[in-house]
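In: please work out how this folds:
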Amino acid sequence: MSNKETYSNIALSEMYLKNPKEAKTPENLIHLRKARNMEIYREQVRKILGKKQKTNNAIAINSQTSQSSTFGIPNITNTYNITDKELLEQIEVLKSQLLNAGIKPISEMVSYQDAKEYLKNAIKAASESDSHENIKEVERWDEFIKNHPKYVEEEKEKEEAWKNDNFLKNIEALEIQQKIIPKNIYSGASVDILMEKGLKKELAVRLMRNRVLWLVHMDPNQIALTHLADLRFKYSFAGLDIIEMRALYACMPEKFEHDDTGEKMQWLSGIREKLSDLINQEKNNTLISRLKRNQAYLDKKEPIKLKKINLNAQNNEKNKTKLSFMEELALKRKIID
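Out: Predicted coordinates for the structure are as follows:
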């Protein structure tokens, strides 16, 4: 095996960058192209850091590893000294890992605010001409922003603000549903049993068809252990009104157990998105009545029964006392005869 084959990809790339003529095979040309791209990337990093030439200044990175206090293990702080070259190599390794995972890494070195401005301009251009280039430009900057740490931080702040704004209404809705739905509904329920407990037939049928409504009486820790299949099918939340949705969201756990794939949290995110949509419709006065409150919960008043008036019978009564012209003429002839 030659010495070239024992080098890392980065070392090979740098070697061909110094001696481009040795890059004769397609594989070598790929290493050369990577090296040139890496050099451009390094130059961008230098500009961002305000450096005009290569430096080997050590960068101190503090990484704090938190251990569970339950076991009485103190926090451990480690300090590493990494040179610029090592840092850039580490970035290149991470980019390669992303590529191998099927994810295209973002190499643009721009500020978060500039990226938002670029996205705004790209959207404007795409609205004027939906060419492939314009659409790709929108996707590129949208991907950049959504992967930026500041975006993640902003989204967390928005989520916390939304939770605070809707907390009281959600809790109020939960209390309403808990009063309506029997607490021991899990101990055996049917339409007949629920009707015996005082529920209207229409409401009893709704509760039996939408078992997700029962969760208002389940402990959040127990909900966190619920199987994914049950969440998706047994506890489907399609067609719930805004009060039911608020109550459902209010009784949810902060996180789910045995959720390595994150699919349970996706189910919870679906509830959050559906509820948010209903709230926005309510604010815009576009929420339809059945989603404001389902008819099954409403008290139906007996319709006012109007007394039927037989107009023909009244006319007959009048006709009994008043003779027609022919009847009067016949009566007169009878008297004369």
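In: break the chain down into its structural domains.
Out: 3-57+84-108, 150-297 (automatic domain parsing).
In: and the ones you listed, which one is worst for confidence?
Out: Mean pLDDT values for those show the minimum at domain 3-57+84-108, a mean of 68.
In: okay, buried residues for the longest helix seen in the chain please.
Out: Scanning the chain for the longest helix, with DSSP state H as the assignment, gives helix 149-180. For helix 149-180, burial by neighbour count (16 or more other CB atoms under 10 Å) applies to 166, 170, 173-174, 176-177, 180. Where C-beta positions appear, they are placed from N, C-alpha and C, glycine not excepted.
In: what's the answer for stretch 261-280, then?
Out: Neighbour-count burial for stretch 261-280 flags 264, 267-268, 271, 274-275, 278-279 (criterion: 16+ other CB under 10 Å).
In: just the CA atoms of it, as CSV, please.
Out: Provided in CSV are the C-alpha atoms of stretch 261-280 (Å, rounded to 0.1, in the frame of the first residue of the first chain):
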residue,chain,number,x,y,z
THR,A,261,-37.8,8.3,16.8
GLY,A,262,-39.7,11.4,18.1
GLU,A,263,-43.0,10.2,16.5
LYS,A,264,-44.9,10.6,19.7
MET,A,265,-43.8,14.2,20.0
GLN,A,266,-44.9,14.6,16.3
TRP,A,267,-48.3,13.4,17.4
LEU,A,268,-48.3,16.1,20.2
SER,A,269,-47.1,18.7,17.7
GLY,A,270,-50.1,17.8,15.5
ILE,A,271,-52.4,18.6,18.4
ARG,A,272,-50.6,21.9,19.0
GLU,A,273,-50.8,22.9,15.3
LYS,A,274,-54.5,22.0,15.1
LEU,A,275,-55.3,23.9,18.3
SER,A,276,-53.3,26.9,17.1
ASP,A,277,-55.2,26.9,13.8
LEU,A,278,-58.6,26.8,15.6
ILE,A,279,-57.5,29.7,17.8
ASN,A,280,-56.5,31.8,14.8
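In: buried ones in the next helix or strand after the longest helix of the chain?
Out: Scanning forward in sequence from helix 149-180 by DSSP states H and E, the next helix or strand is helix 191-196. For helix 191-196, a neighbour-count test (16+ other CB under 10 Å) marks 191, 194 as buried.
In: ok, and what's touching helix 191-196?
Out: Here helix 191-196 makes contact (CB atoms under 8 Å, 6 or more residues apart in numbering) with 182, 185, 201, 203-205, 207-208.
In: run the last query once more with 7 Å
Out: For helix 191-196, the external contacting residues (CB atoms under 7 Å, 6 or more residues apart in numbering) are 182, 201, 204-205, 207-208.
In: compare those residues and tell me which has the most neighbours.
Out: In terms of neighbours by other CB atoms under 10 Å, the contacts of helix 191-196 top out with Ala204 at 21 neighbours.
In: quickly find the element holding that residue.
Out: Taking DSSP H and E as the definition, Ala204 sits inside helix 201-209.
In: what's the angle between that helix and helix 149-180?
Out: Using axes from the mean of the first three to the mean of the last three CA atoms, to 10 degrees, the inter-axis angle of helix 201-209 relative to helix 149-180 is 130 degrees.
In: helix 201-209: what's the following helix or strand?
Out: Next helix or strand after helix 201-209 toward the C-terminus (DSSP H and E): helix 220-223.
In: just checking, next helix/strand downstream of that next one?
Out: Heading C-terminal from helix 220-223, the first helix or strand you meet, by DSSP H and E, is helix 228-229.
In: now do the helix or strand hosting Glu92: which elements does it pack against?
Out: Per DSSP H and E: Glu92 is located in helix 84-100. Other helices and strands packing on helix 84-100, by 3 or more CB pairs under 7 Å, 6 or more residues apart in numbering; DSSP states H and E, are helix 26-49.
In: okay, stretch 175-193 in CSV with CA atoms only?
Out: Extracted as CSV, the C-alpha positions of stretch 175-193 are listed here (Å, rounded to 0.1, in the frame of the first residue of the first chain):
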residue,chain,number,x,y,z
GLU,A,175,-61.9,21.6,34.0
ILE,A,176,-65.1,21.9,31.8
GLN,A,177,-64.4,18.6,30.1
GLN,A,178,-63.5,16.9,33.4
LYS,A,179,-66.8,17.9,34.9
ILE,A,180,-68.8,16.6,31.8
ILE,A,181,-67.0,13.3,31.3
PRO,A,182,-67.4,10.7,34.1
LYS,A,183,-64.2,10.3,36.0
ASN,A,184,-64.6,6.5,36.1
ILE,A,185,-65.1,6.2,32.3
TYR,A,186,-62.2,3.8,32.0
SER,A,187,-63.8,1.3,34.3
GLY,A,188,-66.3,0.3,31.6
ALA,A,189,-68.3,2.5,29.4
SER,A,190,-71.0,2.2,26.8
VAL,A,191,-73.7,4.4,25.4
ASP,A,192,-76.3,2.9,27.7
ILE,A,193,-74.0,3.2,30.8
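In: about what we covered before: and the contacts of helix 191-196 as a markdown table, adding distance to Lys120?
Out: As requested, those are arranged in a markdown table below (distance: CB to CB, whole Å):
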| residue | distance to Lys120 |
| --- | --- |
| Pro182 | 53 |
| Lys201 | 55 |
| Ala204 | 53 |
| Val205 | 51 |
| Leu207 | 48 |
| Met208 | 50 |
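In: cool, thanks, signing off.
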